[in-house]
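> Sequence plus the predicted model coming up.
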Amino acid sequence: MPIRSLLVWGAIALVLVVLFAAMNGGNSALRNATELPYSQLMDRVDAGGIASVTTQADTLLATAKDGKQTFVTYLPSGTMANVVERLDTAGVMVDTKQPKQGPGIGDMLLAILPMLLLIGAWFFFMRQMQGGGRGGAMGFGRSKAKLLTEAKGRITFEDVAGIDEAKEELGEIVEFLKDPGKFQRLGGKIPKGALLVGPPGTGKTLLARAIAGEANVPFFTISGSDFVEMFVGVGASRVRDMFEQAKKNAPCIIFIDEIDAVGRHRGAGLGGGNDEREQTLNQLLVEMDGFEANEGIILIAATNRPDVLDPALLRPGRFDRQVVVPNPDVAGREKILRVHTRNVPVAQGVDLKTIARGTPGFSGADLANLVNEAALLAARRGKRVVTGREFEDAKDKVMMGAERRSMAMSEKEKELTAWHEAGHAIVALNVPESDPVHKATIVPRGRALGMVMQLPEGDRYSMNYTQMTSRLAVMMGGRVAEELHFGKDKVTSGASSDIQAATSLARNMVTRWGYSDDLGLVAYGDNQEEIFLGHSVARTNNISGTTAKKIEDEVKRFVNEGYEKAKQVLTERAEDHKRLAEALLEYETLSGEDIAIILRGEKLDRPDDTPSTPSAPTPALPVTDDDGQPAPHSGAWGGAQPQGA
């Protein structure tokens, strides 16, 4: 709490204490006296037990001869003269005080105190609503942008690793802020803004803060969702207020995170909510490049949905630069790991380059989480340093989910899971251009009862036809394994996710990538989107019923070919399949190196209860994104997909 507020509240408390004392100080004698009926007081007077009496109006305050007791008695009106005469007769000293002519200050304060309290409370709440906390009931038009200064923790480019191209492109903005004259002498103008585009966790916000830290200028941060609320006109008002604050602190940087919340395509939307968002966007466009110049104000925004942004927002003069912030490559991942292990005691034998090679597709946030999980595991195990085993176990936890060893599985379920996962692994090892098997386990992880993990040997940005058909065969390996070993009538629902993923991949092969000879090099089902309520509601499909039937037939053909290929491999490699399934039942978790040893007919040299920990990553399946398109990486967030239940 600010010192000024403490002083104000201290003064208020002091005034209340003084008022309380003033109201109650004159009545302390009466409050401490014992009230007696008139008859009992007269009995004490007649007995000689009263030394003095003070009278005021119709009140007697009597003091006992011992001086320790006082008594108060209230008389009926008009009887005071007779009582005083009787006291004189008994030899009691009588002191008469003049009655009050009107209410005293204490009485008046007591009467107006409730009113004063109500007025004070009203002023307090009005102040809170108008300005005490931006966004109150009377301050909803004020910007919610927060000003970050060096005192709150300065970040520089030294704290950002793995995205060197993005840092280089944004480095010019820092030079503009530090020395604008260098560029203005040649007619150059400072960029109005930069849009950071990339998947979640790649360091877009960190990069924006690093720019402010390097240039040593004020940094305002706000979320796109902070502009629009239930009141009409609030968003536009907040945009104006935000730029007013920025002008007072220029040169400065405004960072809007998740700008797609306010910057979506404008269209023929119906309803006040959409109109309000468009008013906010219009005001933002005007402030960025309108009639008034905003010299020294650079707007940086971040989004992972650039496709939904309004074109007017992306044109030069508003966002002059669009900087892609992708997931880091191997070298970038190693640099990020070095940044995050600065304050982590890492064992001597740990090779961060090896860890980086085994984490394709990891974002900066994923790598930070990996290092943190490894440190927590080392602390849980009572170690003083983080070893390679902790990093390997943490990687498995991040990519495959936490182990659920407490989950009770029957022996029949374990056997079925072991044969299912062994089927995936054997097919993966015997189809062309398939990624190496990294790990197979029948220990439940996340929502899966078991899984086989594959990791690519390097970063991948595309897939060829052979890789796709091999992947379809690997996906079908678990279902085929159940059929061959237990019989078709004993097949379980454990392959549901495999079937779903295989269908999605086959559909994309047919409709998007032109792998069907019958349908040709045509993209089918291309949605023509109407700009309605933000570019996503109304869609039209441009394929006929006949073509749709052909597409379904081709999808089914590709999936069936994968099924037949898996069946052929598992039939030919039945002995290997059996050997691996039995090893999984015995050891529960096997690394790629362990699987190779078992298939050579050798025995593993480790206790049954020792989890597999490969010395180097042996990596797996390329990933598909949400629409089934091969992603350029593999990883736990959507990466190497578990093949199993």
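Great, that's in hand. Please read these numbers as outputs of a predicted model, since none were measured by experiment.
> Return the residues in contact with the closest residue to Arg381 other than its chain neighbours.
Distances taken as Cβ to Cβ, 6 or more residues apart in numbering put Glu390 closest to Arg381, at 7.5 Å, once the chain neighbours are dropped. C-beta: built from backbone N, CA, C; applies to glycine. Contact analysis of Glu390 by Cβ atoms under 8 Å, 6 or more residues apart in numbering lists 374-375, 377-378, 381, 383.
> Break this structure into its domains for me.
3-96, 146-266+275-324, 330-399, 411-524+544-600 (the TED database).
> Include distance to Ala111 and mean pLDDT when you put those domains into CSV, please.
Formatted as CSV, the domains of the chain follow (distance: least, Cβ to Cβ, whole Å; pLDDT from 0 to 100):
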stretch, distance to Ala111, mean pLDDT
domain 3-96, 10, 74
domain 146-266+275-324, 41, 81
domain 330-399, 64, 91
domain 411-524+544-600, 70, 91
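> For Phe123, find the nearest of those domains.
Minimum separation from Phe123 across those (Cβ to Cβ) falls at domain 3-96, 11.3 Å.
> quick one on the thing from earlier: now render the domains of the chain as JSON lines, adding distance to Pro114.
As requested, the domains of the chain are exported to JSON lines (distance: least, Cβ to Cβ, whole Å):
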{"stretch": "domain 3-96", "distance to Pro114": "12"}
{"stretch": "domain 146-266+275-324", "distance to Pro114": "34"}
{"stretch": "domain 330-399", "distance to Pro114": "56"}
{"stretch": "domain 411-524+544-600", "distance to Pro114": "62"}
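> among those domains, which is nearest Gly120?
domain 3-96 (7.6 Å).
> And the contacts of Glu390, which is closest to Val350?
Nearest member of the contacts of Glu390 to Val350, counting by Cβ to Cβ, is Ala374, at 9.3 Å.
> OK, contacts around Glu415?
581, 585 are the contacts of Glu415 under Cβ under 8 Å, 6+ apart.
> Could you check how far it is from Glu586?
12 Å (Cβ to Cβ, to the nearest Å).
> between the domains of the chain, which gets nearest to Trp122?
For Trp122, the closest of the domains of the chain is domain 3-96, at 14.5 Å, according to Cβ to Cβ.
> which residues in the stretch 401-550 of the chain form helices?
411-430, 465-486, 496-511, 545-572 (DSSP state H, counting those that start in this stretch).
> Output these as JSON lines; include the columns distance to Gln69.
Below are the helices of the stretch 401-550 of the chain laid out as JSON lines (distance: least, Cβ to Cβ, whole Å):
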{"stretch": "helix 411-430", "distance to Gln69": "89"}
{"stretch": "helix 465-486", "distance to Gln69": "97"}
{"stretch": "helix 496-511", "distance to Gln69": "91"}
{"stretch": "helix 545-572", "distance to Gln69": "104"}
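> rewinding a little: out of the domains of the chain, which is closest to Phe124?
domain 3-96 (10.1 Å).
> Next, count neighbours for Lys167.
20 (other Cβ atoms under 10 Å).
> Just the element for it, please.
Here Lys167 sits within helix 164-178, counting by DSSP states H and E.
> Show me which residues of that helix are buried.
166-167, 170, 173-174, 176-177 (16 or more other Cβ atoms under 10 Å).
> and what of stretch 411-431?
For stretch 411-431, by 16+ other Cβ under 10 Å, it's 413-431.
> What is the nearest of the buried residues of helix 164-178 to Asp46?
Among these, and counting by Cβ to Cβ, the member closest to Asp46 is Leu177, at 98.2 Å.
> was I right about the closest one contacting Ala215?
Yes - counting by Cβ atoms under 8 Å, Ala215 is a contact partner of Leu177 at 3.8 Å.
> now for the helix holding Lys167, which elements pack on it?
The elements that helix 164-178 packs onto, with contact taken as 3 or more Cβ pairs under 8 Å, 6 or more residues apart in numbering; DSSP states H and E, are helix 181-184, strand 193-197, helix 204-215, strand 297-303, strand 321-324.
> closest to Val262 out of those?
Per Cβ to Cβ, nearest to Val262 of the helices and strands packed on helix 164-178: strand 297-303, 9.7 Å.
> Which strands or helices does the closest one pack on?
Packed next to strand 297-303, using 3+ Cβ pairs under 8 Å, 6+ apart, are helix 164-178, strand 193-197, helix 204-215, helix 234-248, strand 252-257.
> Arg507 is nearest to which of the ones you listed?
Among these, strand 193-197 comes nearest to Arg507, with 27.4 Å by Cβ to Cβ.
> so what strands line up beside that closest one?
If you go by DSSP bridges, strand 193-197 pairs up with strand 297-303 (parallel), strand 321-324 (parallel).
> which residues touch the shortest one?
In this case it means strand 321-324. So strand 321-324 is in contact with 166, 169-170, 191, 193-198, 306, 314, going by Cβ under 8 Å, 6+ apart.
> so how far is Trp513 from the residue nearest to Ile256 when sequence neighbours are not counted?
Using Cβ to Cβ, 6+ apart and skipping residues adjacent in sequence, the residue nearest Ile256 is Ala301, 4.4 Å away. According to Cβ to Cβ, Ala301 and Trp513 sit 33 Å apart.
> between those two, which one's more packed in?
Between Ala301 and Trp513, Ala301 has the larger neighbour count (other Cβ under 10 Å), namely 26 against 16.
> List the contacts of the more buried one.
By Cβ under 8 Å, 6+ apart, the neighbours of Ala301 are 193-196, 224, 255-257, 259, 263, 319.
> residues near Ile259, how many?
Ile259, neighbours per other Cβ under 10 Å, totals 27.
> Now it: closest residue in space that isn't a chain neighbour?
Per Cβ to Cβ, 6+ apart, closest to Ile259 is Ala301, 4.0 Å.
> and the gap between the one you found and Asp289?
14 Å.
> One more: Arg479?
Counting by Cβ to Cβ, the gap from Arg479 to Asp289 is 58 Å.
> These two: which is more packed in?
Shown here are Arg479 and Asp289; by other Cβ under 10 Å, Arg479 has more neighbours (23 against 19).
> is it true that that one touches Val559?
No - using Cβ under 8 Å, Arg479 is not in contact with Val559, being 10.6 Å away.
> Show me what stretch 401-414 is in contact with.
Under Cβ under 8 Å, 6+ apart, the answer for stretch 401-414 is 397, 417, 442-449, 585, 636.
> got it, and stretch 74-82?
Outside of stretch 74-82, the residues within contact range by Cβ under 8 Å, 6+ apart are 35, 38, 55, 57-60, 83.
> most surrounded residue in these?
Leu60 (24 neighbours).
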